[in-house]
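Student: need coordinates for the below:
(2 chains)
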Amino acid sequence: MHDPAPDFVPELPDLNPVIHGKLRLALLSLLAGVDEAEFTWLRSKTGSTDGNLGAQLMKLEEAGYVSVEKKFVLRKPQTLYRMTEAGRAALTEYVAALKQLLGAAI
Amino acid sequence: MDTETSNVELTERLKLIESMMAEGRHGTARWGWTFVLWGVAYFVATAWSSGLVGGPVWAQRLLAWPVTMIAASIATGVGISRMKQGQPATTLGRAIGATWMAMGISLFIVLMSLGLSGRYDTHVFVAIIGGMLGVANMASAIILKWKMQFACAVVWLASTVVACFVTENQAGIAFLAATFVCQIVFGIYAMILESQRRKQRSEVVNA
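Tutor: Below is the predicted model:
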């Protein structure tokens, strides 16, 4: 005998497409654990190429999830990335949505 | 994509988030070599000041500790300046760095004052070094929630207590034993942990 269909089916959350890309997700997660990080450090942690990393960071910047600061240290250019409050909120929301989607599976 | 595959992929993403966040925190914990360096420096200074290395007696008494400690400080400074290139800044890293820097400056001032005033005594020397290193290790262990480092703090504090009640030679032995366990053995252990972590990391994103 089949169970009767429930009267109310909870709506499953959508996953933020900006964060959903694996490299962008990794970058935001890395930045969540630090105050600021250099481009070279992010590259070494993700194993990504310069071009791909730069493109994904730009998407995160355009979404307002990371901020960029470019400066010179001992005459060498240095690019620092920081997670913004909006980025932190978006990642928190993304994790909550993931957990809700997975439900009892975790 | 069926539900099961989708769940696997979503679970992978959760794991990716956890591992990457941990990676950021671990970036500040590559200090095993400094423990080994200072442990060796203490042994060299002790051997030199007690005449095991040779040389004139005045040099053994006046130069052994200052020269060795200054050399170790310079080596630490050079190593840290190289290590910091490209590393992220973290609140955790700053908190631990501040603890060790405060300990190092305080220890330098206290020991230098004791040496210059002529009130140097092995019991006092071991008690002060053990106490200060015990405090720094304990603060760091509490911040990092690292039981092994907490054990080192306990060993240093135990050497402080022992130094107050035993003979001068026994106090020296307690100091060398604590140095061996808490600097050299712990430092090598930290370096092994770091190298294991380095092997495990990196390809998480591409997996």
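
Student: number of nearby residues for residue B:89?
Tutor: Each residue near residue B:89 was counted by other Cβ atoms under 10 Å in any protein chain shown, and the total is 17. In this view, the C-beta of every residue, glycine as well, is placed from N, C-alpha and C.

Student: contacting residues for it?
Tutor: A:34-37 (Cβ atoms under 8 Å, 6 or more residues apart in numbering or on different chains).

Student: do residue A:84 as well
Tutor: Residue A:84 sits next to A:64-67 when contact means Cβ under 8 Å, 6+ apart.

Student: which residue ranges of chain A form strands?
Tutor: A:37-38, A:66-73, A:76-83 (DSSP state E).

Student: highest mean neighbour count out of those?
Tutor: strand A:37-38 (a mean of 22; mean count of other Cβ atoms under 10 Å in any protein chain shown).

Student: that one - what's its average pLDDT?
Tutor: Averaged across strand A:37-38, the pLDDT comes to 88.

Student: how about that strand and chain B, touching?
Tutor: Yes. Against chain B, strand A:37-38 shows contacts by Cβ under 8 Å from any Cβ of the partner chain at A:37-38.

Student: ok, now which ones touch the residue nearest in space to the middle of chain B?
Tutor: Residue closest to the average C-alpha location in chain B (Cα atoms, centre = their mean): residue B:35, at 3.8 Å. Residue B:35 sits next to B:182-184, B:186-187, B:190 when contact means Cβ under 8 Å, 6+ apart.

Student: and those residues, which is closest to chain A?
Tutor: residue B:190 (19.5 Å; Cβ to the nearest Cβ).

Student: ok, the closest one touching residue B:31?
Tutor: Yes. The pair residue B:190 / residue B:31 is scored as a contact, 6.8 Å apart, by Cβ atoms under 8 Å.

Student: following the helix or strand that residue B:13 is a member of, which helix or strand comes up?
Tutor: Under the criterion of DSSP states H and E, residue B:13 resides in helix B:3-26. Using DSSP H and E, the helix or strand that follows helix B:3-26 in sequence is helix B:32-49.

Student: how many residues are close by the residue of chain A found nearest chain B?
Tutor: With Cβ to the nearest Cβ, the shortest gap between chain A and chain B falls at residue A:33, namely 2.6 Å. Neighbour count for residue A:33, taken as other Cβ under 10 Å: 20.

Student: interface residues of chain A facing chain B?
Tutor: So chain A meets chain B at A:22-23, A:25-26, A:29-38, A:40-41, A:44-48, A:91, A:95, A:98-99, A:101-102, A:105-106 (Cβ under 8 Å from any Cβ).
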